[in-house]
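Asker: With the input below, show me the fold.
(one chain, ligands or ions: 1)
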Amino acid sequence: MQILDGTAVSAHIKSQIKEEAASLSAKTGKKPHLAAVLVGNNPASESYVGSKVRTCEELGFDSTLLRFDGDITEQQLLAEIQKLNDNEAVDGILVQLPLPGHISPDMVINNIDPAKDVDGFHPITQGKMLLGQRSFLPATPYGILLMLEHYNIDTTGMNCVVIGRSNIVGTPMTVLLGRNGTPGNATVTMCHSKTKDLKEHTLRADLIVAAIGRSFFLKADMVKDGAIVIDVGINRIDDATKKSGSRLVGDVDFDNVAPKCSYITPVPKGVGPMTICGLMKNTLEAFKLRNNIH
Ligand code: GUN
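Answerer: Model prediction:
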């Protein structure tokens with residue numbers, strides 16, 4: 001069993017991004033610039049956005065963090081996004097989800113300029129992805145592809161099971177693993193909360209992506225020997241042995257599943273750092289496209 005080490009792989013990819021950004025900045029006199037929008041004070045969102053902004057600093061990117069109270073109206077937020085769309089200095093826009101209940105995430109996403117949609121959530125971006133056209137890829141599935149590529153894991157002909165059908169992970173992951181590309185060329189089954197006999201599907205899988213948001217959901221008896229398991233879950237559970245009183249766990253019952261696997265991602269330090277890599281690669285790409293660098 002080999003651990004797919006998100007910290008090590010992301011460090012490697014970030015050093016490449018940093019080098020390319022430095023050389024492009026020297027040529028253009030500009031830096032890639034990511035604007036992150038945070039609404040309300042959800043602690044998990046605070047932590048994710050903090051990591052994204054810190055990574056910008058680490059890579060020599062500019063960043064702007066716009067924070068708004070949870071009671072901002074949808075109209076006000078859309079006006080703020082329009083300002084970022086119109087701001088020539090901004091290459092990428094990220095609105096951290098979830099948003100408060102009175103704001104439609106679809107409305108917000110649909111109003112981001114697709115040229116700055118570095119999260120890969122806009123319908124035009126996802127439509128291009130579906131058609132196999134060049135586009136930003138949603139950060140988490142993109143990060144998973146980068147991880148598979150790094151470890152030379154060839155998914156051609158594999159049976160893959162994606163558990164979860166969200167717009168930001170499960171659905172794009174299913175499309176990307178099935179496309180005619182590398183990684184890709186797999187036979188992909190998308191499972192979800194209404195799937196009958198989930199175990200029948202997972203036991204046939206050479207590669208499982210668990211993205212359901214339920215702690216320890218994927219158990220050892222659902223995984224065949226030698227499978228590759230990618231855990232997208234980030235769930236906080238109580239743990240009296242920790243100073244904070246809690247700890248992060250994934251969607252996979254890691255301790256029992258890992259011994260059966262050929263490869264597995266841990267939580268934390270698996271997919272999480274790779275998501276940030278996907279976002280940073282998209283931001284660099286947006287910068288290049290907006291400055292006619294090919
Ligand atoms: N919430 C959970 N994952 C993500 C992500 O990748 N991007 C944004 N903007 N919000 C999220």
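Asker: Going along the chain, name the strands of this structure.
Answerer: 2-3, 33-39, 62-68, 92-95, 159-163, 187-191, 207-210, 228-231, 235-238, 246-249, 263-264 (DSSP state E).
Asker: Comparing those strands, which comes out most buried?
Answerer: Of the strands of the chain, the one with the most neighbours on average (mean count of other Cβ atoms under 10 Å) is strand 207-210, at a mean of 28. Any C-beta I mention is one placed from the backbone N, CA and C, and that applies to glycine too.
Asker: Okay, now the sheet partners of that strand, with direction.
Answerer: strand 159-163 (parallel), strand 228-231 (parallel) (DSSP bridges).
Asker: Show me what the first one is in contact with.
Answerer: Applying Cβ atoms under 8 Å, 6 or more residues apart in numbering, the contact partners of strand 159-163 are 170, 173-174, 177-178, 186-192, 198, 201-202, 204-212, 217-218, 251.
Asker: Please enumerate the helices of the stretch 1-150 of the chain.
Answerer: Ranges of helices in the stretch 1-150 of the chain, per DSSP state H, counting those that start in this stretch, are 6-28, 43-59, 74-86, 105-110, 123-130, 139-150.
Asker: between those helices, which one is nearest to the ligand?
Answerer: helix 139-150 (4.6 Å; Cβ to the nearest ligand atom).
Asker: now for that closest one, which elements pack on it?
Answerer: If you count contacts as 3 or more Cβ pairs under 8 Å, 6 or more residues apart in numbering; DSSP states H and E, helix 139-150 packs onto helix 6-28, helix 170-178, helix 271-290.
Asker: for the ligand, what are the nearby residues on this protein?
Answerer: Where the chain comes near the ligand, counting by Cβ under 6 Å from any ligand atom, the residues are 94-97, 119, 139-140, 168, 275.
Asker: Can I get those residues in TSV including pLDDT?
Answerer: Below are the residues of the chain next to the ligand laid out as TSV (pLDDT from 0 to 100):
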residue	pLDDT
94	98
95	98
96	98
97	97
119	97
139	97
140	98
168	95
275	97
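Asker: export the helices and strands packed on helix 139-150 to a markdown table and tack on mean neighbour count?
Answerer: Listed next are the helices and strands packed on helix 139-150 as a markdown table, based on neighbours: other Cβ atoms under 10 Å:
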| stretch | mean neighbour count |
| --- | --- |
| helix 6-28 | 16 |
| helix 170-178 | 23 |
| helix 271-290 | 24 |
